[in-house]
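> below are the sequence and a predicted model for it; my questions follow.
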There are 2 protein chains.
Amino acid sequence: MNYKNSHTLILNNIARFIDLTELEKKKYLSLLTEIKVKKKAFLMKAGDVTKYEYFITKGCLKVYTIGEDGAPHISMFAIEDYWTGDMVSFMTKEPTHYFIKATEDSELLGVSRANYDLLFHEIPKFERFYRMLYQRSLVSYIKRSNHGLSLTAEERYIEFKMKYPKVINRITQKDLAGYIGITPEFMSKIITKVNRR
Amino acid sequence: MNYKNSHTLILNNIARFIDLTELEKKKYLSLLTEIKVKKKAFLMKAGDVTKYEYFITKGCLKVYTIGEDGAPHISMFAIEDYWTGDMVSFMTKEPTHYFIKATEDSELLGVSRANYDLLFHEIPKFERFYRMLYQRSLVSYIKRSNHGLSLTAEERYIEFKMKYPKVINRITQKDLAGYIGITPEFMSKIITKVNRR
DNA sequence: TAAAAGTCTTAAACTAGTTCATTTTTTTTC
DNA sequence: GAAAAAAAATGAACTAGTTTAAGACTTTTA
């Protein structure tokens, strides 16, 4: 079968964990919603109840909360082939605490809550897919949160640079500071220092 | 049916997400291994390849890594009705980076890797159970890591006290410092300060 | 039950990271 | 392509948390 780029991307993503028949692929694709977000536009704002889980097929988005002091804390940058959204709001139907903003013109595929539930019913293999997806995310969160605490900001920066070379030159230094957990001023100092070497 | 305490505890834990028939309960219990650990003994040491995922039926354990500087970083305290272990090592069969040490005489039920795989085959409902368990853990990790960064050590202490009142008086101040991510000395100052109010 | 080992407290000197204010550089927009 | 807006750099004064060291209190073990 011939699929369009975005569909090939998401099917390959799923094929990491489960094999689907042609019929199942078709069925699955029929449950997806195509979404476009212009640069600087919001995919989600704190207070919204999230309608979708998103898979990014093009572009770059930042996922963040606003702390009590008003400072943004960025929890992830998401580019092509990443899943994003707010699982808590999606699951509980409570309003989200997150903002998701496109930092480039972006295209996504969304799975609505109704279709998510339907999916497990129609193609039970997806229980396995999500079990494994969540398992993996959990592992990387655990690693990140353990790691994060014991490293200095400079070490966290160097690590980020190594780990996400594709991401680092698509985001601002200010947003990177929001991710690393420091002020933009200190981020600037660190970068100057590290690059001087 | 009449089950022993530890079995009732784990069955109730599972019943949060899926319903099992009597036959399935029996089958499931037959896949578990009973484990006892004395206070100060290790359930797991960095370098080991983890053989089990654990459910605690009695006692208290601390899960931690040793940072490059030699300082322990505690990632969780686990008491009765908690699941613990190292998912990464369990899944990948790579050596773990974790230490798990009993801080009280403890009793656990273990699911071996072979039985974990068997479980999905014999009782496919367990895909759902683990999907939901991981989903939940993910949510609390995300919350914790977002939250953690934006709060001061004092705020993190107050929060821990509110959230885990059962745990706080079963652990030492030093271990609590290792969890909050500060030195024992500074932990002491904070506690003195907060309790003076 | 005494001694050893570990935990907690206090305090002074220190450091990683913040805050605020100003200037320069880059990006956006009309 | 000029003006406006946003991002980045730099520096000085400040603060949360660390380090080191020493004494008091508790728990463990022989």
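All right, it came through fine.

> make it CA atoms for all contacts and neighbour counts henceforth
Will do.

> residues in contact with residue A:175?
residue A:74 (C-alpha atoms under 8 Å, 6 or more residues apart in numbering or on different chains).

> any idea of the pLDDT on it?
Here the pLDDT value assigned to residue A:175 is 93.

> isn't residue A:109 right up against residue A:58?
No. With contacts counted by C-alpha atoms under 8 Å, residue A:109 stays clear of residue A:58, the gap being 9.9 Å.

> of the two, who's got more company?
residue A:109 (23 against 20; other C-alpha atoms under 10 Å in any protein chain shown).

> tell me which helix or strand the more buried one sits in.
strand A:106-112 (DSSP states H and E).

> other SSEs contacting that strand?
strand A:32-37, strand A:52-58 (3 or more C-alpha pairs under 8 Å, 6 or more residues apart in numbering or on different chains; DSSP states H and E).

> that strand vs strand A:32-37, what angle?
140 degrees (axes from the mean of the first three to the mean of the last three C-alpha atoms, to 10 degrees).

> what segments of chain A are helices?
A:5-15, A:22-30, A:87-92, A:113-122, A:125-150, A:153-163, A:165-168, A:173-180, A:184-196 (DSSP state H).

> report the rounded mean pLDDT for the longest one.
Averaged over helix A:125-150, pLDDT sits at 80.

> elements contacting it?
Using 3+ C-alpha pairs under 8 Å, 6+ apart: helix A:125-150 touches helix A:113-122, strand B:72-79, helix B:125-150.

> identify whichever of the ones you listed lies nearest to DNA strand C.
helix B:125-150 (9.3 Å; C-alpha to the nearest atom of the strand).

> residue contacts, the closest residue to residue A:157 other than its chain neighbours?
Nearest non-adjacent residue to residue A:157, counting by C-alpha to C-alpha, 6 or more residues apart in numbering or on different chains: residue A:180, 6.8 Å away. Contact analysis of residue A:180 by C-alpha under 8 Å, 6+ apart lists A:153, A:156, A:157.

> redo those residues as a markdown table? Include distance to residue B:21.
Rendered in a markdown table, the data for these read as follows (distance: C-alpha to C-alpha, whole Å):
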| residue | distance to residue B:21 |
| --- | --- |
| A:153 | 52 |
| A:156 | 49 |
| A:157 | 51 |
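
> how about a markdown table for those, with neighbour count added?
Below are those laid out as a markdown table (neighbours: other C-alpha atoms under 10 Å in any protein chain shown):
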| residue | neighbour count |
| --- | --- |
| A:153 | 18 |
| A:156 | 19 |
| A:157 | 20 |
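
> for chain A, which spans come out with low pLDDT?
A:68-69, A:144-150, A:196-197 (pLDDT under 70).

> which residue is nearest the middle of chain A?
residue A:84 (3.3 Å; C-alpha atoms, centre = their mean).

> what is the neighbour count of the closest residue to it other than its chain neighbours?
Sequence neighbours aside, residue A:54 is the residue nearest to residue A:84 in space, at 5.2 Å (criterion: C-alpha to C-alpha, 6+ apart). Residue A:54: 22 surrounding residues under other C-alpha under 10 Å.

> now for residue A:54: which residues touch it?
A:83, A:84, A:85, A:108, A:109, A:110, A:111.

> how near is it to residue B:10?
From residue A:54 across to residue B:10, the span is 34 Å (C-alpha to C-alpha, to the nearest Å).

> was I right about residue A:38 contacting residue A:61?
No. The pair residue A:38 / residue A:61 is not scored as a contact, 10.4 Å apart, by C-alpha under 8 Å.

> who is residue A:74 paired with across the strands?
residue A:64 (DSSP bridges).

> surely it meets residue A:67?
No. The criterion here is C-alpha under 8 Å, and residue A:74 misses it with residue A:67 at 10.2 Å.

> between those two, which one's more packed in?
Set side by side, residue A:74 and residue A:67 show more neighbours around residue A:74, with 22 against 14, by other C-alpha under 10 Å.

> and that one, what does it touch?
Here residue A:74 is in contact with A:62, A:63, A:64, A:65, A:175, A:178, A:179 (C-alpha under 8 Å, 6+ apart).

> need the max-distance pair from those.
Largest separation among the contacts of residue A:74 by C-alpha to C-alpha: A:65 and A:175, giving 12.2 Å.

> do you know how far the nearest residue to residue A:25 once chain neighbours are set aside is from residue A:98?
Nearest residue to residue A:25, sequence neighbours excluded (C-alpha to C-alpha, 6+ apart): residue A:11, at 7.5 Å. With the distance defined as C-alpha to C-alpha, residue A:11 ends up 27 Å from residue A:98.

> can you pick out the residue with more neighbours from these two?
Counted by other C-alpha under 10 Å, residue A:11 and residue A:98 do not tie: residue A:98 has more neighbours, with 22 against 18.

> and that one, what does it touch?
Neighbours of residue A:98 in contact, by C-alpha under 8 Å, 6+ apart: A:44, A:45, A:46, A:63, A:64, A:65, A:66, A:86.

> which phi and psi does the third one have?
Meaning residue A:46. phi -50, psi 130 (degrees, to the nearest 10).
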